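Participant: Sequence below, structure please.
(one chain, ligands or ions: 1)
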Amino acid sequence: MKKVLVATEKPFAKVAVDGIRKIVEGAGYQLVLLEKYKEKTDLLVAVADVDAMIIRSDKADREVLEAGKKLKIVVRAGAGYDNIDLTAATERGIVAMNTPGQNSNAVAELAIGMMVYAARNLFQAGSGTELKGKKLGLHAYGFVPKFLATIAKGFGMEVYAFDPFVSAEKMQNDGVQAVASIEELYSTCHYVSLHIPANAQTKKSINYDLLAKMPKGATLVNTARAEVIDEDGLQQIFAERTDIKYVSDVAPVCHAAMAEKYANRYFSTPKKMGAETEEANINAGLASANQIVNFLEKGDKTFQVNK
Ligand code: 3PG
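Facilitator: Next up, the predicted model:
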């Protein structure tokens, strides 16, 4: 009997696990659950004899993939797959997939919530500001920013985006204005929301020079990845400008220092929670299970990311 491992240090909601089980068992496979594990060795043991694995931000590095002696497919229930060693997966003939779009609305809702939180002085006393009439810049234009644009327009914001991989026409069709450069996005917008993946090109790319371009009272929102921020640059701009705010769902390494010095304009969630809704768990979890069954039964490689 084929085995499907769900390895989630940050578990799915029970209703999502129930749905995954139904799909997996319905296909005649066995579901193996490894939730809230503390040690990597637990994952190495659990992956040893399974055919497929569903993960979230759990690291599927070379050691994990090599420990999966029978592993044929790993699905990241979510968008970003920087936690999978794609080279190692390809070398071992393991198909890696993500589930694009499935948890995006949850992340977009958190991003807008964090913008309100920043606009209202992190819920501390004193007059805040409104989102209405302000300019929102979307750094990249995939599923999350597309949802975010719709919500932000409901708030009466003007929405701009920079994404070299998406046409201006596509953005315009969504009522979003394309800008020609990253610099223009940062110098134009009161709020910039990050939606770039973490890779060799983007790591530390949000640096001092870019942040220094932001208008007075600007807020940077990060529901993407911590690694894209140049933390020296972030700390430098915070020391120089008392008007800039940073709200993050992906805590920087310098979190403790930032939280201590800038409690009135810096905030990070204690644990990444953008995709932490029952709906997102169900969408991404069930999509992952279906993708595994379709791959193992029919060889369907839609959503493969290590081609
Ligand atoms: C994603 O890439 O899909 C999000 O960052 C969500 O990550 P999570 O599954 O660890 O919450």
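Participant: neighbours around the residue in the chain that the ligand sits nearest to, how many?
Facilitator: Taking CB to the nearest ligand atom as the measure, the point where the chain comes nearest the ligand is Gly78, at 2.4 Å. No exception for glycine: its C-beta is placed from N, CA and C like everyone else's. Here the number of neighbours of Gly78 (other CB atoms under 10 Å) works out to 25.
Participant: ok, now which ones touch it?
Facilitator: With contacts defined as CB atoms under 8 Å, 6 or more residues apart in numbering, Gly78 is in contact with 56-57, 98-99, 102-103, 275, 284.
Participant: how about it, secondary structure?
Facilitator: Going by DSSP: H, G, I helix; E, B strand; the rest coil, the secondary structure assigned to Gly78 is coil.
Participant: Could I get the buried residue list for stretch 132-139?
Facilitator: 134-139 (16 or more other CB atoms under 10 Å).
Participant: ditto for stretch 18-28
Facilitator: 19-21, 23-24, 27.
Participant: Likewise for stretch 35-45?
Facilitator: For stretch 35-45, a neighbour-count test (16+ other CB under 10 Å) marks 37, 43 as buried.
Participant: How about stretch 252-268?
Facilitator: For stretch 252-268, burial by neighbour count (16+ other CB under 10 Å) applies to 252, 254-255, 258, 262, 265-268.
Participant: Would you work out how far apart the start and end of that stretch are?
Facilitator: Using CA to CA, to the nearest Å, one end of stretch 252-268 lies 8 Å from the other.
Participant: ok, now stretch 57-68?
Facilitator: Across its full length, stretch 57-68 reaches 18 Å end to end, with CA to CA as the criterion.
Participant: outside of it, which residues touch it?
Facilitator: Counting by CB under 8 Å, 6+ apart, the neighbours of stretch 57-68 from elsewhere in the structure are 7-10, 40, 43-44, 47-48, 50, 53, 71, 74, 76, 78, 80, 83-85, 88-89, 92, 94, 96, 272.
Participant: What parts of the chain come near the ligand?
Facilitator: Residues of the chain that fall close to the ligand, judged by CB under 6 Å from any ligand atom: 10, 56-57, 78-80, 103, 272, 274-275.
Participant: quick one on the thing from earlier: so what's the residue of the chain closest to the ligand scoring on pLDDT?
Facilitator: Here, the pLDDT recorded for Gly78 equals 98.
Participant: Report how many residues lie close to Lys69.
Facilitator: When counting by other CB under 10 Å, one arrives at 10 neighbours for Lys69.
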